[in-house]
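1. kindly return the folded structure for what I paste below:
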Amino acid sequence: MNRRRTLIEAVGWLVFIGIALYFSFDFNEPLPGFKFGAAHWPHVIIALMTVAAVILGAAQFLKGNRVEGQADQFFDEIEENIEKLTPRTVAMFILPLLWVLGMHKIGFLLATPIFIFICTWLMGIRSWKTLLGFTFCFYVSLVLIFYKWVFTPLPMGAGWFHSLNGEIIGLVQ
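-> Predicted coordinates:
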């Protein structure tokens, strides 16, 4: 029964993707200064969603011997006090709000590494080497994806932060 539900979900996603793709062709004209056109970014998202939906559906046929109830054993091992609201949980919900506020004040390029570092620390990573390495690699990946591959303008900040972000973008491009 679970396999059938998952396949229905995958087909539902594929139908949604088909509809999104159909509507994205209405604005798929080339833009001056951007040869890929206005629909490039939506097509990237649609392609990633398609890959995920196909993997979701194919995984139902590729899984080996599954034992019913294995997931139930996993949930039996979870601590009983999991529903307790901890300061870390509250911080994980407040942090994205502060990141969005920070993005509009100091810009995406300056707010994001701080957000990634704090978020990773709140998830339990305590090694400085891992924290800094992950923050750097993930941040560089985001910058390259948004500024070099997709050419998406992101918040630049206000005041002199706007100028600083512009200088950083100049280095990237």
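2. domain map for the protein?
-> 2-78, 86-172 (automatic domain parsing).
3. so which of those is the most surrounded?
-> Highest mean neighbour count among these (mean count of other CB atoms under 10 Å): domain 86-172, with a mean of 14. Where you see a C-beta, it was placed from the backbone N, CA and C, and this is true even at glycine.
4. please name the nearest non-neighbouring residue to residue 92.
-> residue 122 (5.6 Å; CB to CB, 6 or more residues apart in numbering).
5. read off the pLDDT value for the one you found.
-> pLDDT for residue 122: 93.
6. contacting residues for it?
-> 88, 91-92, 95 (CB atoms under 8 Å, 6 or more residues apart in numbering).
7. worst mean pLDDT among the domains of the chain?
-> Among those, domain 2-78 scores lowest, at a mean of 78.
8. can you tell me how far the nearest residue to residue 108 once chain neighbours are set aside sits from residue 35?
-> Spatial nearest neighbour of residue 108, chain neighbours left out: residue 154 (3.9 Å); criterion: CB to CB, 6+ apart. Per CB to CB, to the nearest Å, residue 154 is found 21 Å from residue 35.
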